[in-house]
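>>> Quick check, what structure comes out for this input:
(one chain, ligands or ions: 1)
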Amino acid sequence: MGKKCIICDEEATFCVKGTTTTYCKDCAVEQFGDVAYLVAVEDEAKRLKEVLDGQVDDTSETHSETNSSSGHDDE
Ligand SMILES: [Zn+2]
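Numbers count the residues shown, from 1 in each chain. Below is the predicted model:
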């Protein structure tokens, strides 16, 4: 389910950090020599989801400006 290795089309285990390039372990090692440059697909997916879920807190720019438009807000 999910990502496939871009080289051999097997199920991908790793992806290159910050990209959507995914590799199975064998191809990842072949390409990079080490998986240290790579993150586990599951971890990355989880992280992305967390970022998306919690993106409200990502940029903590406070909107403390009062919208001083004269009108009633009945909520
Ligand atoms: Zn592969």
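
>>> Name the nearest residue to residue 5, sequence neighbours excluded.
residue 24 (4.0 Å; CB to CB, 6 or more residues apart in numbering). Yep, even glycine has a C-beta here, placed from its N, CA and C like the rest.

>>> Can you report phi and psi for that neighbour?
Phi and psi for residue 24, reported as degrees, to the nearest 10, are phi -80, psi 170.

>>> now it: how far from the ion?
With the distance defined as CB to the ion, to the nearest Å, residue 24 ends up 4 Å from the ion.

>>> my guess is that residue meets residue 15, correct?
No. In this structure, residue 24 is not within contact of residue 15 by CB atoms under 8 Å, at 10.7 Å.

>>> which residue ranges form the strands in this structure?
All strands of the chain, identified by DSSP state E, fall at 14-16, 22-23, 38-40.

>>> Read off the pLDDT value for residue 19.
pLDDT for residue 19: 86.

>>> please begin residue numbering at 662 from this point
In the new numbering, first residue 662, that becomes residue 680.

>>> ok, now which ones touch it?
Going by CB atoms under 8 Å, 6 or more residues apart in numbering, residue 680 touches no other residue.

>>> ok, residue 692 to residue 709 distance?
Going from residue 692 to residue 709 by CB to CB, to the nearest Å gives 22 Å.

>>> The two: which is more packed in?
residue 692 (17 against 10; other CB atoms under 10 Å).

>>> There's contact between the more buried one and residue 685 in this structure, I believe.
No. Contact between residue 692 and residue 685 fails when scored by CB under 8 Å: they sit 10.5 Å apart.
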